[in-house]
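1. Take a look and give me a structure for this.
(chains A, B and C)
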Amino acid sequence: MKDAFIRYLPLLLLAIAWEVIARLELVSGSALPPLSDVVAAGIEMIKDGELVSNGASSLYRAGTGLALAVLIGGVLGIAMAWWKPVNVLLAPIVEIFYPLPKSALIPVTVIWLGFGDGSKILLIFLGCMLPVTIGAFNGARSSEQVLVWSARSMGASRLRMLWDVVVPSAMPELLNGIRTALALSFILLVSSELIVAQKGFGHLIGVLGANGSYDAMYAVVLTVAFLGFAADRIYLQITKRTLAWRD
Amino acid sequence: MAAAQIVIDRVNHLYRPPRGREVLALDQVSLEVANREFVALLGPSGCGKSTLLYLIGGFLPVETGAILIDGQKIAGPGPDRGIVFQHFALFPWKTVRGNILYGLERQGMPKEEREKRAMDFIELVGLAGFEESYPSQLSGGMKQRTAIARTLAFDPKILLMDEPFGALDAQTRGLMQSELLRIWQRTPKTVIFVTHDVQEAVYLADRVAVMSARPGRIKTIVNTKFDKNDPDIFKNKFFVEKVDEIWNLVKDEAIKAQGKRA
Amino acid sequence: MRVFFSVIALAIAWEVLARSGVFTPFQLPALSAVLGRIWTDAVSGDLWINTALTLYRALVAFAICAIGGVAIGMAMSRNVFANWFFDPIVSVGFPMPKIAFLPVVILWLGVYDVSKITIIVIDAIFPVIAATVIAIQGVERELIWSARNMGASNREVLHQVVLPAALPQILTGLQVALPLSLIVAVVAEMLMGGYGLGGAMMTASRFANSTSVFAGIVEIAVVGYVLVKAMALIRRRLLIWHQEAAAPYTQ
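-> Numbers count the residues shown, from 1 in each chain, chains lettered A, B, ... in the order given. Take a look at the predicted model:
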């Protein structure tokens, strides 16, 4: 406990510094509202529902897009590793889209599906599929040949082997790919909502900024940043248990 | 009789891992090494022989006891005690020549002189023609020759060798052992040679210091100075007897070391 | 080489699909139309202006990330206080969607290039710092000991041994930061408008000009590909001595 406190102490000190600098008006008053004001504005928004309703909208979009990406991307990746024809067909697509900045797809999804949920979900789905697919592919490919042969000799059918040997072996890399996709989903969510949306965290930040309600704007920015951090930490905790057998 | 060049006087060493309890690696180790003597430190894994070498080299601080070189306490690493590591520790971004030149550049040797000296040592270890190669292009044996040339080039009076042939295959190892003996006989230096291979120790060394399992102590010192130039030395009766004698001393310690590890 | 054929295959598939009538020309403009658009932009000069601006912002920010990130990483590995201070910032900041801070940056620094470059640095400096720290900590202690053995001073050890030994991994961090710089540049441009590949795409999107939007995707993809390849080439040059091949294109 004490170690964790010392480790994160700089953040506490920065928070205090923020409060002090803002109160002393060392920076032009409006550009840096005191942290206490920011927190107060945040609580206000929770109470009047603005933060929660926009948040729900955002999380719904990100969650749906990510879930689809994990499901379909995972299956595709393993299929690519297991059946050669699938690999031949899909590998070129993966190779081409790998270096493409997924955020470049924002305007296209808007053209296709407008300003609402659909475009965001599609964007996150497309963007997050790649790390999941690559993770699943690499993971499935690395499943030790010896394990596969052992299962074979014990009479396992090809499909059985896939389920009993390949998928568990692929887990570490697949879970890593999902972790990347998780972070990416937040990035794509915020980016697209900042640029073009009518609901959601990003939209709320834009509106508050335009209104000059900077303390509220800071509150939402911090909320979404913290959610991204928390999601990653929670994910690590959950996957640690699934991967317990590794150690 | 001249005072010993290296005096190790009742040295302890505590190993402090980042997590877990401290372990006593060396316990009251004392040893004296004369000038130009070849001494082998022999013992099972984990007995602290490499640790002792690092202490002499000045890479680890001497906290209890003292290590004196020519009567002076050591104060850190220095070019008077050259070290050769098991995994070569060559600078991968430098060529063979570049690696050997490094020590000479640190000494501030003038350019022409050090280029010539580097070439001399490259030839000495039989790597002529490979001076522009990078370590990644060399075999294990060649890498180790480069490492040895690199250390010999800056002329340390003492040579510290940490299982230098341990990472090589058996055949290369045999060749390197006779190479080293040949080089040492030509340009004798004080050598402290760490190994767990009894035959290697008897073949190369004047004296073999047998160490106990952890915590390491010097159990016995056996004299192994005799004519090593017989081409069939490994079958020589006297040699075999010596190896047997020392192996019996080491055997118990090796078993103890296995037990501790489990 | 395989990538080349993949591109050709995809291009053909695109054109066929577009012409097949499954999608409207608005939803999926023909590749030929898109390429035509790119050509028009190239001739009129717009393509070069936009590309140059985006590259300028991305590369300036990348340079700052490279120098600043390595410096912070070095400080963190050698100085206990620097490590204590930066570690939680890096650890907590890494998984955050730092693009969320763009409105704050605009509030502070206005709507000019400075803001764009700042948000790129905020995003892309993290992988550089992390890679540098890991790289320096991973330097074999026997390399450092050998150098000390040969009489090198602390400064000499740092510059002549630690940094060269850490270079491969530091370069890997830089190879992550470069495409990241490009992405963030494009996103910042989309939000803030004006010239640049991102801004141009947003404008096209507002005018429902789908051909131009697709043209923008192709342009950004090409720029991204060129940058990644250039970086891989630089890596190969710098690391001739290294055992592994240049970082693979598909991880």
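
2. residues near A:K2, how many?
-> Using other Cβ atoms under 10 Å in any protein chain shown, A:K2 has 6 neighbouring residues. In this view, the C-beta of every residue, glycine as well, is placed from N, C-alpha and C.

3. ditto for A:V88
-> The number of residues packed near A:V88 is 10, by other Cβ under 10 Å.

4. check which helix or strand covers it.
-> With elements taken from DSSP states H and E, the one containing A:V88 is helix A:84-97.

5. List the contacts of that helix.
-> Outside helix A:84-97, the residues within contact range by Cβ atoms under 8 Å, 6 or more residues apart in numbering or on different chains are A:76, A:79-81, A:130, A:133-134, A:137, C:2-3, C:5-7, C:9-10, C:221, C:249-250.

6. Can you verify my assumption that C:S205 contacts A:P107?
-> Yes: here C:S205 reaches A:P107: they are 3.7 Å apart, a contact under Cβ atoms under 8 Å.

7. Out of the contacts of helix A:84-97, which end up buried?
-> Buried by 16 or more other Cβ atoms under 10 Å in any protein chain shown: A:76, A:79-81, A:130, A:133-134, A:137, C:3, C:6, C:10, C:221, out of the contacts of helix A:84-97.

8. So A:I187 lies in a strand, does it not?
-> No: under DSSP: H, G, I helix; E, B strand; the rest coil, A:I187 falls outside any strand and is assigned helix.

9. Enumerate every residue touching the residue nearest to it when sequence neighbours are not counted.
-> Spatially, and ignoring its direct neighbours in sequence, A:I187 is nearest to C:P97 (4.7 Å; Cβ to Cβ, 6 or more residues apart in numbering or on different chains). Residues in contact with C:P97, defined by Cβ under 8 Å, 6+ apart, are A:183, A:186-187, A:189-191, A:224-225, A:228.

10. Residue of the stretch 1-150 of chain B closest to chain A, please.
-> Nearest residue of the stretch 1-150 of chain B to chain A: B:R19, at 12.2 Å (Cβ to the nearest Cβ).

11. ok, back up a step: next step: the contacts of helix A:84-97 restricted to helices.
-> Counted as lying in helices by DSSP state H, out of the contacts of helix A:84-97, are A:76, A:79-81, A:130, A:133-134, A:137, C:2-3, C:5-7, C:9-10, C:221.

12. wait, which of those is closest to B:G65?
-> Checking the ones in helices among the contacts of helix A:84-97 against B:G65 with Cβ to Cβ, the nearest one is A:I134 at 56.2 Å.

13. ok, now how distant is that closest one from B:E163?
-> Separation of A:I134 from B:E163 (Cβ to Cβ, to the nearest Å): 42 Å.

14. From what I see, C:L238 and C:L174 are in contact.
-> No: counting by Cβ under 8 Å, C:L174 is not a contact partner of C:L238; they are 10.6 Å apart.

15. out of those two, which sits in the more crowded spot?
-> Neighbours per residue (other Cβ under 10 Å) separate C:L238 from C:L174, with C:L174 holding more: 24 against 15.

16. what domains does the record give for chain B?
-> As assigned by automatic domain parsing, chain B contains the domains B:1-80+B:156-227, B:90-155.

17. Identify the contacts common to C:S205 and A:P107.
-> Common neighbours of C:S205 and A:P107 (criterion: Cβ under 8 Å, 6+ apart): C:V213.

18. So those two - more neighbours on which side?
-> Higher neighbour count among C:S205 and A:P107: A:P107, with 29 against 22, using other Cβ under 10 Å.

19. And the strand or helix carrying that one, what's buried?
-> Secondary structure assignment for A:P107, by DSSP H and E: helix A:106-113. Neighbour counts over helix A:106-113 (16+ other Cβ under 10 Å) mark A:106-112 as buried.

20. taking those as a set, which two sit the farthest apart in space?
-> Using Cβ to Cβ, the buried residues of helix A:106-113 reach their maximum pairwise distance at A:I106 and A:W112, which is 11.1 Å.

21. Which single one of the ones in helices among the contacts of helix A:84-97 is nearest to A:Y98?
-> Among those, A:L130 lies closest to A:Y98 (Cβ to Cβ), at 6.3 Å.

22. Which single residue in chain A comes nearest to chain B?
-> Proximity of chain A to chain B (Cβ to the nearest Cβ) peaks at A:D3, 12.2 Å away.

23. With chain C in mind, check whether the helix or strand harbouring that residue reaches it.
-> Using DSSP H and E, A:D3 sits in helix A:2-23. Yes: on the criterion Cβ under 8 Å from any Cβ of the partner chain, helix A:2-23 is in touch with chain C at A:6-11, A:14.

24. pLDDT weak spots in chain A?
-> A:28-29, A:144-146, A:156, A:244-247 (pLDDT under 70).

25. Residue nearest the middle of it, spatially speaking?
-> When Cα atoms, centre = their mean is applied to chain A, the residue found nearest the centroid is A:L182 (2.4 Å).

26. Kindly confirm my reading that it is in a helix.
-> Yes: read with three-state DSSP, A:L182 is one of the residues of a helix.

27. ok, and what's touching the helix ranked longest in chain B?
-> Using DSSP H to define each element, chain B has its longest helix at helix B:237-261. Contacts with helix B:237-261, where a contact means Cβ under 8 Å, 6+ apart, come from B:42-47, B:198-199, B:201-203, B:208, B:210-214, B:219-220, B:222, B:224, B:226, B:233-234.

28. what sits against B:E179?
-> By Cβ under 8 Å, 6+ apart, B:E179 lies in contact with B:125-126, B:145.

29. A:T242 too?
-> Counting by Cβ under 8 Å, 6+ apart, A:T242 touches A:171, A:175.

30. Look up phi and psi at it.
-> phi -60, psi -30 (degrees, to the nearest 10).

31. For chain C, which residues score under the pLDDT cut-off?
-> For chain C, the ranges with pLDDT under 70 are C:1, C:243-251.

32. Helices of that one, start to end?
-> Using DSSP H, the helices of chain C run over residues C:2-20, C:31-44, C:46-78, C:80-93, C:102-109, C:113-137, C:141-149, C:154-157, C:163-192, C:197-206, C:210-238.

33. Report how many residues lie close to residue 92.
-> I'll assume chain A. A count of nearby residues for A:P92, using other Cβ under 10 Å, gives 19.

34. try chain C instead
-> When counting by other Cβ under 10 Å, one arrives at 17 neighbours for C:V92.

35. got it, and B:V210?
-> By other Cβ under 10 Å, 24 other residues sit near B:V210.

36. Let's verify B:L31: helix, strand, or coil?
-> Three-state assignment for B:L31 (three-state DSSP): strand.

37. nearest residue to it other than its sequence neighbours?
-> Using Cβ to Cβ, 6+ apart and skipping the chain neighbours, the partner closest in space to B:L31 is B:I8 (4.5 Å).

38. where's that neighbour, which helix or strand?
-> Here B:I8 sits within strand B:6-15, counting by DSSP H and E.

39. Any buried residues in that strand, and which?
-> By neighbour count on 16+ other Cβ under 10 Å, the buried set for strand B:6-15 is B:6-8, B:11-13.

40. Show me what it packs onto, helices and strands only.
-> Other helices and strands packing on strand B:6-15, by 3 or more Cβ pairs under 8 Å, 6 or more residues apart in numbering or on different chains; DSSP states H and E, are strand B:23-33, helix B:49-57, strand B:64-69.

41. Not counting its own residues, what contacts it?
-> The contact list for strand B:6-15 (Cβ under 8 Å, 6+ apart) reads B:22-33, B:48, B:51-52, B:55-56, B:60, B:62-69, B:71, B:158, B:190, B:192.

42. got the angle for that strand vs strand B:64-69?
-> With axes from the mean of the first three to the mean of the last three Cα atoms, to 10 degrees defining the directions, strand B:6-15 sits at 140 degrees from strand B:64-69.

43. and strand B:6-15, C-alpha only, in PDB?
-> Listed in PDB are the C-alpha atoms of strand B:6-15, where the atom choice follows Å, rounded to 0.1, in the frame of the first residue of the first chain:
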ATOM      1  CA  ILE B   6      47.200 -10.600  -5.300                       C
ATOM      2  CA  VAL B   7      46.100 -11.000  -1.700                       C
ATOM      3  CA  ILE B   8      42.500 -11.900  -0.900                       C
ATOM      4  CA  ASP B   9      42.000 -11.600   2.800                       C
ATOM      5  CA  ARG B  10      38.900 -13.000   4.500                       C
ATOM      6  CA  VAL B  11      36.500 -11.700   2.000                       C
ATOM      7  CA  ASN B  12      32.700 -12.100   2.500                       C
ATOM      8  CA  HIS B  13      30.100 -11.300   0.000                       C
ATOM      9  CA  LEU B  14      26.400 -10.800   0.600                       C
ATOM     10  CA  TYR B  15      24.200 -11.100  -2.400                       C
END
